[in-house]
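Novice: Structure for the following, please:
(2 chains)
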Amino acid sequence: MTAGTVFDIGYQRYTGPREGRGRGRLAVFKDGLRTALGLGRGGRAKVLPWFFIVVLAAIALIMALIAGAAERFAGPGAAEQLNLPSHADYYAIASMIVFVFAAVVAPELLCRDRREGVINLYLVRPLTGSDYIVARWGAFLTVMLAATWLPQIILLIGLAMGDASPVGYLRDHWLDVPRFLAAGLAMAAYITSLAMLTASFTTRRAYASVFLVGLFVISTPFTLGLASEIGGAAGRWLSMFNLTNIPVHVNDLIFGQVSEITEDAPARELPGAVRLGWYFAWTIIPGGVLWFRYRRLTP
Amino acid sequence: MAPGDSLLTAEHLAKHYGDVVALNDVSFSIFEGITGILGENGAGKSTAIKIFLGLIPATSGSATVLGQSVSESVGVRARLGYMPEHDCLPGHVSAAEFLTHMAEVSGLPPSTARTRAADTLRHTGLFEERYRAIGGYSTGMKQRVKLGQALVHDPAMVFLDEPTAGLDPIGREEMLALVRKTYREFGISVLLSSHLMADVERTCDRIIVLQGGRLVQSGTVRHFTKETETVFIEVDDNRERLVAALERRGIAVAADGSGLTIEGPDESVYDQVRDALVEAQAPLRRMAPRRRTLTELFQGDRHGAAT
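Specialist: Predicted coordinates:
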């Protein structure tokens, strides 16, 4: 048996590198990812985010399985002939789940820091309010990109594997890849800005989540019914306030086809540039307001 | 920075919030060591600290920290630590994880941040509890985590805002010992903001006193207390004859309970006291030098100012 001795070498001054704001931003970004996904936390913190991610992936998997079954039982090309939902339809189908996911997870990244006062410790380090909010926004955007792109990748793999010629399928449908990446980015950026802005107004996560779910759920039937009732140009513009549809219009423009949920929306009749401009307004303005609110924050 | 240079300098510093004057033409320098910034609520302590941390701009005047103007760069905050008075800790993470994260936010590479977090928790007495969630800690342990996060990136100077707030007497003693250790063993200079004179007196080398946004006093603690050094004398009998004998020698004497006090004596007073005791035939029970506390000193000043 060997005997060991523990020496107390006292306090050691740090003389190594100090990586400044860049390292600080990266640390806040990484912490945002861990918080959003519950990584390194207890089981309870993981339940909600991973439930939504699994549900979103499961929708894509079911879509791929149905298309694969149609190809197998009804013959090659049957999925396209039957007009089964594909990449262009996925975001329209899953949009409400993506919104609820954002409503539940986004407040976790901002509300807790302000409620517990941790924000005061960030702001006295070599980090500004802008650095903090940009890092947090980036972290949630990354999570939302994963939540929107992962199911599309599963769907792509599923559709390719279900096809009689997987390589032939990928050759014929390769354009879907940049399209769903762009549409996913559009949806993720929009939801991230809106959800983070809402979360910046309260220290209570539950209030932010309920408000966001209410905003997305209520704006759909309210604007749809009223827009159809009013009709004309006013109805079309009113229909633009359907917050769930805003990124789906961009999805429609990217894929060049109308989704099931925007089919009945009067806003569909407005020019593509208007719908695109509307989308950017609803993404950039909330993001700008969010940045402005944190830019001036002091402990 | 060269040794002996001031760590913080305020020159004609003023901060106005509309009509409210938080700081009014304040100038001082802070050097290595433990400096106390004393003042009642609203005296301008927190405003001064926020200006030094570059969190709010001064209305006029200048503030430099570690030789840099605070308004020019946030980078200087990598060499500063701050322990706020109020709650600022996440309840759901462990102290080890939290300090590692805070070290990274201050610019330390991840592997170094982990090592320093463990070392800092050892020095602040939380090593055994480092993997427990902070939410389950006692108030004293939370104060130690707050101090730890301010030290984890090895700052040149640390600002401690009311570090003993909410602590019981034992916790308070331990925290003050940690504050002393922060400079004397770790070599990190401290600016201790407090409204508790006893804490400042027992911990600090120098003090700055703010009142209503103005600088009232500044200097070494020893200087303040030495100025009011006293000798306490207690005799068994002939107290009045002793007072008369001392007064005949030109020594001002004040009654202090059962004894007498002589204020501001020099070395020669002891010979004169001896002679007065002999002359008055007063049997000496006790004679001891004593310093007034800062509390007595500033209470005296306030009463003096009020009258």
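Novice: From here on, just use CA atoms for contacts and neighbour counts.
Specialist: Noted.
Novice: where does the most centrally placed residue in chain B land in three-state SS?
Specialist: Using C-alpha atoms, centre = their mean, the residue of chain B that lies closest to the mean C-alpha position is residue B:36, 2.8 Å off. Per DSSP: H, G, I helix; E, B strand; the rest coil, the secondary structure class of residue B:36 is strand.
Novice: what's residue B:289 sitting at in phi/psi?
Specialist: Per-residue torsions, residue B:289: phi -70, psi 150 (degrees, to the nearest 10).
Novice: wait, it sits on residue B:232?
Specialist: Yes - counting by C-alpha atoms under 8 Å, residue B:232 is a contact partner of residue B:289 at 6.1 Å.
Novice: neighbour-wise, which of the two wins?
Specialist: Shown here are residue B:289 and residue B:232; by other C-alpha atoms under 10 Å in any protein chain shown, residue B:232 has more neighbours (20 against 12).
Novice: pretty sure that one belongs to a strand, no?
Specialist: Yes - per three-state DSSP, residue B:232 lies within a strand segment.
Novice: do you know how far the closest residue to it other than its chain neighbours is from chain A?
Specialist: Of all residues not flanking residue B:232 in the chain, residue B:261 sits nearest, at 4.6 Å (C-alpha to C-alpha, 6 or more residues apart in numbering or on different chains). Distance, residue B:261 to chain A, by C-alpha to the nearest C-alpha, to the nearest Å: 45 Å.
Novice: Could I get the contacting residues of residue B:261?
Specialist: B:230-233, B:253-255 (C-alpha atoms under 8 Å, 6 or more residues apart in numbering or on different chains).
Novice: Could you identify the buried members of those residues?
Specialist: When those are checked for burial by 16 or more other C-alpha atoms under 10 Å in any protein chain shown, the buried set is B:230-233, B:253.
Novice: Name the nearest of those residues relative to chain A.
Specialist: residue B:230 (39.4 Å; C-alpha to the nearest C-alpha).
Novice: Tell me, what's the model's pLDDT at the nearest residue to that closest one once chain neighbours are set aside?
Specialist: Spatially, and ignoring its direct neighbours in sequence, residue B:230 is nearest to residue B:263 (4.5 Å; C-alpha to C-alpha, 6+ apart). Note on residue B:263: pLDDT of 74.
Novice: What's the local residue count around residue B:263?
Specialist: Neighbours of residue B:263 (other C-alpha under 10 Å): 19.
Novice: ok, now residue A:175?
Specialist: Neighbour count of residue A:175, defined by other C-alpha under 10 Å: 11.
Novice: Got phi/psi on it?
Specialist: Main-chain torsions, residue A:175, degrees, to the nearest 10: phi -70, psi -20.
Novice: any idea how far residue A:156 is from it?
Specialist: Here residue A:175 is placed at a distance of 11 Å from residue A:156 (C-alpha to C-alpha, to the nearest Å).
Novice: Just the C-alphas of stretch A:246-263, formatted as CSV.
Specialist: Output of stretch A:246-263 as CSV, limited to C-alpha atoms (Å, rounded to 0.1, in the frame of the first residue of the first chain):
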residue,chain,number,x,y,z
ILE,A,246,-46.4,34.4,-41.8
PRO,A,247,-43.4,32.0,-42.2
VAL,A,248,-45.6,29.4,-44.1
HIS,A,249,-46.1,32.1,-46.8
VAL,A,250,-42.3,32.2,-47.1
ASN,A,251,-42.3,28.4,-47.3
ASP,A,252,-44.9,28.6,-50.1
LEU,A,253,-42.7,31.1,-52.0
ILE,A,254,-39.6,29.0,-51.6
PHE,A,255,-41.3,25.8,-52.8
GLY,A,256,-43.4,27.5,-55.3
GLN,A,257,-46.6,25.9,-54.2
VAL,A,258,-49.4,26.6,-51.7
SER,A,259,-49.6,24.8,-48.4
GLU,A,260,-52.8,23.4,-47.0
ILE,A,261,-53.0,26.0,-44.2
THR,A,262,-52.4,29.0,-46.4
GLU,A,263,-54.7,27.7,-49.1
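Novice: which residues are contacting that stretch?
Specialist: Residues outside stretch A:246-263 that contact it (C-alpha under 8 Å, 6+ apart): A:88-89, A:91-93, A:95, A:176, A:179, A:182-183, A:186-187, A:190, A:240, A:245, A:268, A:272, A:275-276, A:278-279.
Novice: just the buried members of the residues you listed?
Specialist: Applying 16+ other C-alpha under 10 Å to the contacts of stretch A:246-263, the neighbour count classes A:88-89, A:91-93, A:95, A:176, A:179, A:182-183, A:186-187, A:190, A:240, A:245, A:268, A:275-276, A:278-279 as buried.
Novice: Run through the helices of the chain in chain order.
Specialist: Looking at chain A here, since you left the chain open. A:20-37, A:43-74, A:78-81, A:87-116, A:118-123, A:129-162, A:166-173, A:176-199, A:205-230, A:232-239, A:246-255, A:272-295 (DSSP state H).
Novice: was after chain B, sorry
Specialist: Under DSSP H, chain B gives helices at B:45-52, B:95-105, B:110-123, B:139-151, B:169-184, B:197-203, B:221-227, B:239-248, B:269-280, B:294-306.
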